[in-house]
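Peer 1: My questions concern the predicted model and sequence given below.
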Amino acid sequence: MRKVSRKITIFLAMVMLVSTFTGCNTHQYAETEESLIVSAEELKGYIGKENVVIVDMQSADGYAAGHVEGAVNIQNGDITISVPVSTMLTSAKKMESLMGSKGISNDTLVIAYDTNKMSASRLLWSLFMYGHENVKVVDGGLDAIKAAGITLTTDVPTVTETTFTAKEPSQNWLATKKEVLAQVNNPNANVILLDVRSDAEYYEEGKIPTSIMREYINNFYSVDGTFKSVQTTKIDYLELGIYPENEIIIFCKSSMRACPVFVQLYEAGYRNIRIYDGAFLEWSSDSTNPIEMPEGTKAPEKNDAS
(Lines give C-alpha, C1' and ligand atoms only; values in the text may rest on other atoms or scores of the structure.)
Protein backbone atom coordinates (compact mmCIF):
# COMPACT_ATOMS: atom_id res chain seq x y z
CA MET A 1 0.00 0.00 0.00
CA ARG A 2 2.90 2.33 0.79
CA LYS A 3 4.26 2.04 -2.79
CA VAL A 4 0.82 2.72 -4.28
CA SER A 5 0.36 5.74 -2.03
CA ARG A 6 3.76 7.08 -3.02
CA LYS A 7 2.94 6.72 -6.74
CA ILE A 8 -0.34 8.57 -6.24
CA THR A 9 1.48 11.36 -4.38
CA ILE A 10 4.03 11.71 -7.18
CA PHE A 11 1.25 11.72 -9.80
CA LEU A 12 -0.70 14.43 -7.95
CA ALA A 13 2.48 16.51 -7.61
CA MET A 14 3.04 16.25 -11.36
CA VAL A 15 -0.56 17.29 -12.04
CA MET A 16 -0.15 20.33 -9.80
CA LEU A 17 3.09 21.31 -11.56
CA VAL A 18 1.48 21.01 -14.98
CA SER A 19 -1.47 23.08 -13.78
CA THR A 20 0.90 25.73 -12.44
CA PHE A 21 2.64 26.11 -15.79
CA THR A 22 -0.25 25.50 -18.17
CA GLY A 23 -3.42 26.43 -16.31
CA CYS A 24 -3.36 30.08 -17.28
CA ASN A 25 -2.04 29.92 -20.80
CA THR A 26 -3.18 28.80 -24.22
CA HIS A 27 -0.18 26.76 -25.32
CA GLN A 28 -1.24 24.22 -27.91
CA TYR A 29 0.80 21.06 -28.30
CA ALA A 30 0.40 18.94 -31.41
CA GLU A 31 -1.05 15.48 -31.00
CA THR A 32 1.56 12.80 -31.68
CA GLU A 33 -0.53 10.01 -33.18
CA GLU A 34 2.42 7.70 -33.80
CA SER A 35 5.11 7.78 -31.15
CA LEU A 36 8.67 8.18 -32.40
CA ILE A 37 9.92 6.28 -29.35
CA VAL A 38 9.37 2.59 -28.63
CA SER A 39 10.39 0.72 -25.51
CA ALA A 40 12.61 -2.35 -25.60
CA GLU A 41 9.58 -4.41 -24.55
CA GLU A 42 7.63 -3.08 -27.53
CA LEU A 43 10.59 -3.87 -29.80
CA LYS A 44 10.02 -7.57 -29.12
CA GLY A 45 6.80 -7.40 -31.13
CA TYR A 46 8.58 -5.96 -34.17
CA ILE A 47 11.38 -8.53 -34.47
CA GLY A 48 10.82 -10.61 -37.60
CA LYS A 49 7.71 -8.62 -38.55
CA GLU A 50 7.05 -8.06 -42.25
CA ASN A 51 7.90 -4.64 -43.69
CA VAL A 52 9.91 -3.67 -40.61
CA VAL A 53 13.67 -3.14 -40.66
CA ILE A 54 15.50 -2.88 -37.35
CA VAL A 55 18.69 -0.83 -37.61
CA ASP A 56 21.68 -1.29 -35.32
CA MET A 57 23.70 1.95 -35.17
CA GLN A 58 26.79 0.49 -33.49
CA SER A 59 30.27 0.42 -34.95
CA ALA A 60 31.13 -2.55 -37.17
CA ASP A 61 32.87 -4.23 -34.24
CA GLY A 62 29.95 -3.62 -31.92
CA TYR A 63 27.50 -5.01 -34.45
CA ALA A 64 29.68 -8.08 -34.98
CA ALA A 65 29.80 -8.70 -31.23
CA GLY A 66 26.03 -8.87 -30.95
CA HIS A 67 22.86 -7.29 -32.30
CA VAL A 68 19.11 -7.82 -32.37
CA GLU A 69 18.04 -10.69 -34.59
CA GLY A 70 17.52 -9.50 -38.18
CA ALA A 71 18.99 -6.06 -37.54
CA VAL A 72 21.06 -4.41 -40.26
CA ASN A 73 24.03 -2.22 -39.45
CA ILE A 74 24.16 1.48 -40.35
CA GLN A 75 26.84 3.74 -38.89
CA ASN A 76 27.06 7.49 -38.42
CA GLY A 77 29.55 7.79 -41.26
CA ASP A 78 27.05 6.19 -43.63
CA ILE A 79 24.50 8.98 -43.18
CA THR A 80 26.81 12.00 -42.89
CA ILE A 81 29.36 13.89 -44.96
CA SER A 82 32.16 16.25 -43.96
CA VAL A 83 31.33 19.24 -46.16
CA PRO A 84 31.54 22.04 -45.15
CA VAL A 85 32.13 20.61 -41.65
CA SER A 86 31.88 17.14 -40.13
CA THR A 87 28.65 15.15 -39.67
CA MET A 88 26.50 17.08 -42.13
CA LEU A 89 23.44 15.50 -43.73
CA THR A 90 24.41 13.18 -46.57
CA SER A 91 23.06 13.62 -50.09
CA ALA A 92 19.75 12.27 -51.34
CA LYS A 93 21.57 9.99 -53.78
CA LYS A 94 23.68 8.41 -51.04
CA MET A 95 20.67 8.04 -48.79
CA GLU A 96 18.73 6.29 -51.54
CA SER A 97 21.58 3.88 -52.21
CA LEU A 98 22.14 3.14 -48.52
CA MET A 99 18.51 2.58 -47.63
CA GLY A 100 17.88 0.41 -50.66
CA SER A 101 20.93 -1.74 -49.87
CA LYS A 102 19.60 -2.33 -46.35
CA GLY A 103 16.19 -3.47 -47.56
CA ILE A 104 14.46 -0.21 -46.65
CA SER A 105 11.84 1.08 -49.07
CA ASN A 106 9.50 4.05 -48.77
CA ASP A 107 6.90 1.75 -47.19
CA THR A 108 9.23 0.30 -44.56
CA LEU A 109 8.92 0.98 -40.85
CA VAL A 110 12.44 1.68 -39.59
CA ILE A 111 13.27 1.10 -35.92
CA ALA A 112 16.76 2.16 -34.83
CA TYR A 113 18.76 1.67 -31.68
CA ASP A 114 22.22 2.81 -30.56
CA THR A 115 24.64 2.86 -27.63
CA ASN A 116 25.25 6.61 -27.40
CA LYS A 117 21.79 8.29 -27.23
CA MET A 118 22.48 10.09 -30.51
CA SER A 119 22.94 7.88 -33.56
CA ALA A 120 19.45 6.39 -33.77
CA SER A 121 17.92 9.86 -33.47
CA ARG A 122 20.32 11.13 -36.13
CA LEU A 123 19.07 8.45 -38.50
CA LEU A 124 15.48 9.40 -37.67
CA TRP A 125 16.10 13.08 -38.42
CA SER A 126 17.96 12.21 -41.65
CA LEU A 127 15.02 10.13 -42.84
CA PHE A 128 12.62 12.91 -41.86
CA MET A 129 14.70 15.26 -44.00
CA TYR A 130 14.15 13.06 -47.05
CA GLY A 131 10.45 12.59 -46.48
CA HIS A 132 10.41 9.24 -44.68
CA GLU A 133 8.72 9.73 -41.30
CA ASN A 134 7.83 6.08 -40.67
CA VAL A 135 10.74 5.67 -38.28
CA LYS A 136 11.21 5.17 -34.54
CA VAL A 137 14.01 4.92 -32.00
CA VAL A 138 14.35 2.41 -29.17
CA ASP A 139 14.19 4.10 -25.79
CA GLY A 140 17.34 3.40 -23.81
CA GLY A 141 19.14 1.83 -26.76
CA LEU A 142 21.10 -1.40 -26.53
CA ASP A 143 21.30 -1.30 -22.73
CA ALA A 144 17.50 -1.31 -22.50
CA ILE A 145 17.33 -4.10 -25.08
CA LYS A 146 19.67 -6.26 -22.99
CA ALA A 147 17.75 -5.42 -19.80
CA ALA A 148 14.53 -6.54 -21.52
CA GLY A 149 16.06 -9.96 -22.05
CA ILE A 150 16.16 -9.78 -25.83
CA THR A 151 18.65 -12.31 -27.10
CA LEU A 152 21.43 -10.88 -29.26
CA THR A 153 22.96 -12.69 -32.20
CA THR A 154 26.11 -12.48 -34.28
CA ASP A 155 24.33 -13.79 -37.39
CA VAL A 156 24.23 -11.33 -40.27
CA PRO A 157 20.81 -11.33 -41.95
CA THR A 158 20.31 -11.86 -45.66
CA VAL A 159 18.98 -8.61 -47.08
CA THR A 160 16.82 -8.30 -50.16
CA GLU A 161 17.75 -5.00 -51.76
CA THR A 162 14.94 -2.66 -52.66
CA THR A 163 14.32 0.87 -53.92
CA PHE A 164 14.18 3.92 -51.71
CA THR A 165 13.25 7.25 -53.28
CA ALA A 166 14.26 10.35 -51.35
CA LYS A 167 12.11 13.45 -51.51
CA GLU A 168 13.54 16.95 -51.70
CA PRO A 169 15.17 17.87 -48.36
CA SER A 170 12.47 19.19 -46.08
CA GLN A 171 12.96 22.77 -44.94
CA ASN A 172 10.50 22.04 -42.13
CA TRP A 173 13.27 20.37 -40.12
CA LEU A 174 16.42 22.25 -41.24
CA ALA A 175 17.88 25.65 -40.37
CA THR A 176 20.80 27.30 -42.14
CA LYS A 177 23.65 29.50 -40.94
CA LYS A 178 22.07 32.39 -42.82
CA GLU A 179 18.87 32.03 -40.81
CA VAL A 180 20.75 31.78 -37.53
CA LEU A 181 22.77 34.89 -38.38
CA ALA A 182 19.57 36.75 -39.23
CA GLN A 183 18.21 35.87 -35.79
CA VAL A 184 21.39 37.08 -34.09
CA ASN A 185 21.43 40.36 -36.02
CA ASN A 186 17.73 41.04 -35.78
CA PRO A 187 16.26 38.94 -32.95
CA ASN A 188 12.71 37.70 -33.33
CA ALA A 189 11.15 37.14 -29.90
CA ASN A 190 9.34 34.06 -31.21
CA VAL A 191 12.53 32.33 -32.37
CA ILE A 192 14.62 30.32 -29.91
CA LEU A 193 18.21 29.30 -30.60
CA LEU A 194 18.62 26.22 -28.41
CA ASP A 195 22.24 25.22 -27.77
CA VAL A 196 22.41 21.70 -26.32
CA ARG A 197 26.17 21.58 -25.74
CA SER A 198 27.55 21.35 -22.21
CA ASP A 199 28.29 24.30 -19.93
CA ALA A 200 31.96 23.32 -20.10
CA GLU A 201 31.89 23.80 -23.88
CA TYR A 202 30.24 27.17 -23.45
CA TYR A 203 32.93 28.34 -21.03
CA GLU A 204 35.69 27.08 -23.32
CA GLU A 205 34.30 28.03 -26.73
CA GLY A 206 31.53 30.54 -26.15
CA LYS A 207 28.12 30.43 -27.77
CA ILE A 208 26.03 31.98 -30.52
CA PRO A 209 24.62 35.26 -29.15
CA THR A 210 21.00 35.12 -27.89
CA SER A 211 21.04 31.31 -27.67
CA ILE A 212 19.66 29.43 -24.66
CA MET A 213 21.89 26.72 -23.15
CA ARG A 214 20.38 23.37 -22.11
CA GLU A 215 22.61 20.32 -22.28
CA TYR A 216 21.10 17.49 -24.32
CA ILE A 217 21.64 14.92 -21.57
CA ASN A 218 18.96 16.70 -19.51
CA ASN A 219 16.35 15.18 -21.83
CA PHE A 220 17.07 11.74 -20.37
CA TYR A 221 16.52 10.13 -16.99
CA SER A 222 19.87 9.62 -15.29
CA VAL A 223 18.86 6.24 -13.82
CA ASP A 224 18.37 4.28 -17.04
CA GLY A 225 19.15 6.67 -19.88
CA THR A 226 15.61 6.65 -21.26
CA PHE A 227 13.83 9.75 -22.55
CA LYS A 228 11.99 11.79 -19.96
CA SER A 229 8.20 11.58 -20.07
CA VAL A 230 6.16 13.95 -22.20
CA GLN A 231 4.76 15.75 -19.16
CA THR A 232 8.19 16.21 -17.60
CA THR A 233 9.53 17.49 -20.91
CA LYS A 234 6.76 20.04 -21.21
CA ILE A 235 7.43 21.29 -17.68
CA ASP A 236 11.18 21.48 -18.27
CA TYR A 237 10.81 23.60 -21.38
CA LEU A 238 8.05 25.78 -19.98
CA GLU A 239 10.42 26.60 -17.11
CA LEU A 240 12.94 27.74 -19.72
CA GLY A 241 10.34 29.91 -21.40
CA ILE A 242 10.28 27.72 -24.50
CA TYR A 243 6.77 27.12 -25.85
CA PRO A 244 5.26 25.05 -28.67
CA GLU A 245 4.39 28.27 -30.53
CA ASN A 246 8.06 29.24 -30.71
CA GLU A 247 10.25 28.50 -33.71
CA ILE A 248 13.02 26.44 -32.14
CA ILE A 249 16.40 26.01 -33.82
CA ILE A 250 18.41 23.26 -32.13
CA PHE A 251 22.14 22.81 -32.46
CA CYS A 252 25.19 21.47 -30.64
CA LYS A 253 28.79 21.31 -31.82
CA SER A 254 28.35 18.95 -34.76
CA SER A 255 24.56 18.46 -34.94
CA MET A 256 24.61 14.94 -33.40
CA ARG A 257 23.36 15.77 -29.90
CA ALA A 258 20.69 18.03 -31.36
CA CYS A 259 18.92 15.01 -32.84
CA PRO A 260 17.65 13.31 -29.64
CA VAL A 261 16.44 16.73 -28.49
CA PHE A 262 14.55 17.01 -31.78
CA VAL A 263 12.98 13.59 -31.12
CA GLN A 264 12.06 14.47 -27.54
CA LEU A 265 10.46 17.79 -28.45
CA TYR A 266 8.55 16.25 -31.34
CA GLU A 267 7.28 13.56 -29.00
CA ALA A 268 6.10 16.24 -26.56
CA GLY A 269 4.04 18.00 -29.23
CA TYR A 270 6.45 20.59 -30.58
CA ARG A 271 6.40 20.93 -34.37
CA ASN A 272 8.18 24.23 -35.07
CA ILE A 273 11.54 22.56 -34.52
CA ARG A 274 14.54 22.61 -36.84
CA ILE A 275 18.15 21.55 -36.56
CA TYR A 276 20.99 23.86 -37.54
CA ASP A 277 23.02 21.10 -39.15
CA GLY A 278 26.27 23.03 -39.49
CA ALA A 279 26.05 23.74 -35.77
CA PHE A 280 28.73 25.44 -33.72
CA LEU A 281 31.51 23.93 -35.84
CA GLU A 282 30.33 25.81 -38.90
CA TRP A 283 29.45 28.95 -36.95
CA SER A 284 32.79 29.23 -35.16
CA SER A 285 34.82 28.54 -38.31
CA ASP A 286 33.67 31.85 -39.83
CA SER A 287 35.60 34.73 -38.30
CA THR A 288 32.84 37.18 -39.17
CA ASN A 289 30.29 35.40 -36.98
CA PRO A 290 29.94 36.82 -33.46
CA ILE A 291 30.61 34.58 -30.45
CA GLU A 292 29.41 35.42 -26.96
CA MET A 293 31.82 34.40 -24.20
CA PRO A 294 31.06 34.09 -20.48
CA GLU A 295 32.08 37.16 -18.54
CA GLY A 296 35.78 37.23 -17.82
CA THR A 297 36.80 34.73 -20.50
CA LYS A 298 38.53 35.25 -23.81
CA ALA A 299 37.22 34.10 -27.17
CA PRO A 300 39.17 31.14 -28.61
CA GLU A 301 40.93 31.17 -31.94
CA LYS A 302 38.60 30.44 -34.87
CA ASN A 303 38.37 26.80 -35.92
CA ASP A 304 39.41 25.60 -39.35
CA ALA A 305 36.36 24.13 -41.10
CA SER A 306 38.37 22.24 -43.68
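Peer 2: The structure has been received and is ready for your questions. Residues are numbered from 1 along each chain as shown.

Peer 1: Grab the nearest non-local neighbour of residue 253.
Peer 2: Leaving aside its chain neighbours, residue 253 sits nearest to residue 280 (4.8 Å; criterion: CB to CB, 6 or more residues apart in numbering). Where C-beta positions appear, they are placed from N, C-alpha and C, glycine not excepted.

Peer 1: my bad, residue 126
Peer 2: Closest residue to residue 126 apart from its sequence neighbours, by CB to CB, 6+ apart: residue 79 at 4.9 Å.

Peer 1: what about that neighbour, neighbour count?
Peer 2: 21 (other CB atoms under 10 Å).

Peer 1: just checking, it touches residue 97?
Peer 2: No: if you go by CB atoms under 8 Å, residue 79 and residue 97 don't touch, sitting 11.4 Å apart.

Peer 1: quick revisit: now for the residue nearest to residue 126: which residues touch it?
Peer 2: Going by CB atoms under 8 Å, 6 or more residues apart in numbering, residue 79 touches 89-90, 95, 98, 122-123, 126.

Peer 1: now swap in residue 59 and tell me
Peer 2: residue 75.

Peer 1: gap between it and residue 113?
Peer 2: Distance from residue 59 to residue 113, counting by CB to CB, to the nearest Å: 14 Å.

Peer 1: quick one: the strands in this protein?
Peer 2: For the chain, the strands defined by DSSP state E occupy 37-38, 52-56, 67-68, 72-73, 80-81, 88-89, 109-113, 135-138, 152-153, 174-175, 191-195, 212-213, 247-251, 273-276.

Peer 1: With mean neighbour count, distance to residue 168 and mean pLDDT added, can I get these in TSV?
Peer 2: As requested, the strands of the chain are exported to TSV (neighbours: other CB atoms under 10 Å; distance: least, CB to CB, whole Å; pLDDT from 0 to 100):
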stretch	mean neighbour count	distance to residue 168	mean pLDDT
strand 37-38	20	27	98
strand 52-56	23	23	98
strand 67-68	24	32	98
strand 72-73	18	26	98
strand 80-81	16	18	98
strand 88-89	20	13	98
strand 109-113	23	20	98
strand 135-138	26	18	98
strand 152-153	14	38	98
strand 174-175	20	11	98
strand 191-195	22	24	98
strand 212-213	15	31	98
strand 247-251	24	20	98
strand 273-276	23	16	98
